[in-house]
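>>> Quick one, structure for this:
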Amino acid sequence: MLRTILRRAIATGPRSDGPWRLTATASYSSSKDTKSTMKKAKKNIKSKKGEASAAADDESYDGPDADLFDDKARARRLQADESDPSLDVGPNGRPLFTSTPTLAQLTTMDTCSYFKFKTEELNKVLPEGLPLGMVREFEEAMQSAVLVRRSFLDLRDNFRRVVDPPLGSASSKGEKVKKQIVLDGPVSSGKSTALAMLVHWAREEGWLVLYVPRGKDWTHGGFFYKNPQTGLWDTPVQAENILKDFLKFNESHLKQLLCQISDPIPLGEGAGVGWMKDGIDSMAMPEGSTLYDLVDTGIKHTHAAVGVVVRLRKELSLVKDIPVLIAIDQYNNWFTFSEYEEAVTVRSTRPIHAKELSTVKAFRFMIHDDMMVGAFSHSTAVGKLRQDLPDVPSDARMNLPRYTLDEAAAVCHYYLRQRLIRREAFSEENCKRIYYLSNGNGAEMRWLATFMREQ
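The predicted structure is shown next:
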């Protein structure tokens, strides 16, 4: 019951339809509940100290507890802490941050330590946006760092062995290599973060990656209509956005890959402009066109957007020059009903299932020989799905656990380092209390840390 209340409290806050990105400045913001609590605590301290001026500016306070009340004061202190390496100490005296420079070089020796990202590099490698939970963690901690977990290393090494079997044959210890994986697990177990880290690693390795950080956007909002040629529902606005996101990081790769399919691209109804005039229902790509030309055609011609997305999925299966990975977050939204409805009578409608959408149908199917990983997201309130999903291999699920006790200890030391916890209130016993109260839920642990610093 308590965990349910905590989840509801954490889930509240402003929602944004756009991609979540990091800013290069240190002007992070905390939750409304935390700010109001800190302001009340600050007023109590001022009254106890008997300050003469009750109209003093909140931001001018610079006492020993200033970082508890003011984000700017905390940011200044964290900036000063960067020159003190003695603070970067984790449990049992281990280094809190790993010195390994890239995700590809991480080993099991780096688990339970934090890997630092550069904000500019992170936004460059993942221009489609970051998972909301990842952004909240970075903003609250005022540091772009993630915990290195064994679950991510296993996920990365699985796809590494797919591409490089000789390397895997010496160290796989008989483990089965999977080309299709569905990341499942409890709420706030790090599924979206692990997927984003996998995409970051794959792009560093030179792979062609189609990354969808918000799969729910494919089934909600925009213009939709039923295509009489296919019997499926087309969403040209979403299709154009899909192509634009795919082009952001992969443009250089796409310009070097030739189209393998020469069939004309079917045209549909454009967003807000209707059908093509003169009954034109297809568009031929010029000979020698690249995948960049294909994607660019779908962006420039709204009538071809959906047809290009469907064609792109087929083309990706034929790419052999470089490894191709399809990574879908909020994948569980594709196994339930969309936001759209079809009129049945004058007074009734029926909900349209996600599998009836042309774009979703093209990418949801997972029984093939391509590398594909989807992550379930419980933040979208889809509900629990059955174990045997259609179009998904029976052994594709990979359960990501919540934090272990060792990982939780590293997290508490990290929050202490980032001044989310007061040193006077920090203790191993309090860390264990937070861990058991949250049951290893990362978001709840971060929220409960504020109570430790108020003691």
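>>> Do a quick rundown of the helices in the stretch 101-250 of the chain.
Along the stretch 101-250 of the chain, the stretches classed as helices by DSSP state H, counting those that start in this stretch are 119-125, 132-141, 150-163, 165-171, 191-204, 236-254.
>>> Centroid-nearest residue for the protein?
In the chain, the C-alpha nearest the mean C-alpha coordinate belongs to residue 131, at 2.7 Å (CA atoms, centre = their mean).
>>> hang on, isn't that one packed against residue 198?
No. Because the distance of 12.0 Å does not satisfy CB atoms under 8 Å, residue 131 is recorded as not touching residue 198. Using the backbone N, CA and C atoms, a C-beta is placed for each residue, glycine as well.
>>> Now do the contacts for residue 98.
Remark: with contacts taken as CB atoms under 8 Å, 6 or more residues apart in numbering, residue 98 is in contact with 106, 110, 113-115, 148.
>>> So which of those residues are in strands?
Among the contacts of residue 98, DSSP state E puts 114-115 in strands.
>>> Nearest to residue 241 among the contacts of residue 98?
Relative to residue 241, the closest of the contacts of residue 98 is residue 115; by CB to CB it sits at 30.2 Å.
>>> Return the distance of that closest one relative to residue 106.
Computed as CB to CB, to the nearest Å, the residue 115 to residue 106 distance reads 7 Å.
>>> shared neighbours of these two, anything?
Shared contacts of residue 115 and residue 106, defined by CB under 8 Å, 6+ apart, are found at 98, 100, 148.
>>> Just send those residues back as a markdown table, with pLDDT too.
As requested, the shared contacts of residue 115 and residue 106 are arranged in a markdown table below (pLDDT from 0 to 100):
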| residue | pLDDT |
| --- | --- |
| 98 | 96 |
| 100 | 96 |
| 148 | 97 |
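>>> In JSON lines, list those along with distance to residue 257.
What follows is the shared contacts of residue 115 and residue 106, written out as JSON lines (distance: CB to CB, whole Å):
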{"residue": "98", "distance to residue 257": "35"}
{"residue": "100", "distance to residue 257": "32"}
{"residue": "148", "distance to residue 257": "33"}
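>>> Among these, which one lies nearest to residue 378?
If you rank the shared contacts of residue 115 and residue 106 by distance to residue 378 using CB to CB, residue 148 comes first, at 23.1 Å.
>>> just to revisit the earlier point, what sits against the closest residue to the residue nearest to the centre of the chain other than its chain neighbours?
Distances taken as CB to CB, 6 or more residues apart in numbering place residue 192 nearest to residue 131, at 3.5 Å, with adjacent residues excluded. With contact set as CB under 8 Å, 6+ apart, residue 192 has these partners: 131-134, 213, 329, 375, 377.
>>> out of those, who's nearest residue 157?
residue 375 (17.6 Å).
>>> Any idea how many residues pack against that closest one?
By other CB atoms under 10 Å, the residues close to residue 375 number 29.
>>> in the sheet, who's paired with it?
Judged by DSSP bridges, the bridge partners of residue 375 are residue 183, residue 329.
>>> Distance check, it against residue 115.
The spacing between residue 375 and residue 115, counted by CB to CB, is 19 Å.
>>> With residue 203 instead?
Separation of residue 203 from residue 115 (CB to CB) stands at 16 Å.
>>> same thing with residue 127?
Here the criterion is CB to CB. By it, residue 127 lies 20 Å from residue 115.
>>> Show me the shaky parts of this structure.
Low-confidence regions of the chain, defined here as pLDDT under 70, cover residues 1-69, 166-174, 381-383, 453-455.
>>> rerun at 90
When residues are selected by pLDDT under 90, those of the chain lie in 1-71, 119, 165-176, 187-188, 221-222, 270-281, 377-389, 422-425, 449-455.
>>> tally of neighbours for residue 250?
As a burial measure, residue 250 scores 21 neighbours (other CB under 10 Å).
>>> was I right about it contacting residue 209?
Yes. Counting by CB under 8 Å, residue 209 is a contact partner of residue 250 at 7.2 Å.
>>> Tell me which residues touch the residue lying closest to residue 214 once chain neighbours are set aside, please.
Distance criterion CB to CB, 6+ apart; nearest residue to residue 214, sequence neighbours excluded, is residue 330 at 6.0 Å. Residue 330 makes contacts with 212-216, 375-377, 380, as judged by CB under 8 Å, 6+ apart.
>>> neighbour-wise, which of the residues you listed leads?
Across these, neighbour numbers were computed from other CB under 10 Å; residue 375 holds the maximum, 29 neighbours.
>>> how close does the residue nearest to residue 214 sit to residue 126?
With distances defined as CB to CB, the gap from residue 330 to residue 126 amounts to 15 Å.
>>> again, but for residue 276
Using CB to CB, we find residue 276 at a distance of 36 Å from residue 126.
>>> Those two - which one has more neighbours?
In terms of neighbours (other CB under 10 Å), residue 126 is the more surrounded of residue 276 and residue 126; the figures are 25 against 17.
>>> Confirm for me that the more buried one is in contact with residue 211.
Yes. Under the criterion of CB under 8 Å, residue 126 makes contact with residue 211 at 7.1 Å.
>>> Now do the shared contacts for those two.
Taking CB under 8 Å, 6+ apart as the criterion, residue 126 and residue 211 both touch residue 199.
>>> Residue 337: which of the helices of the stretch 101-250 of the chain is closest?
Residue 337 lies closest, by CB to CB, to one member of these: helix 236-254, at 16.0 Å.
>>> next structured bit after the closest one?
Reading on from helix 236-254 to the C-terminus, the next helix or strand found by DSSP states H and E is strand 265-266.
>>> hmm, who's touching that following strand?
Outside of strand 265-266, the residues that reach it under the criterion CB under 8 Å, 6+ apart are 229-230, 281-285, 297, 304, 307-308, 311.
>>> Each with direction, which strands does that strand pair with?
Paired with strand 265-266 in the same sheet, following DSSP bridges, are strand 282-283 (antiparallel).
>>> about what we covered before: need the contacts of residue 192 in a markdown table with distance to residue 359, can you?
As requested, those are arranged in a markdown table below (distance: CB to CB, whole Å):
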| residue | distance to residue 359 |
| --- | --- |
| 131 | 21 |
| 132 | 22 |
| 133 | 25 |
| 134 | 25 |
| 213 | 16 |
| 329 | 15 |
| 375 | 18 |
| 377 | 18 |
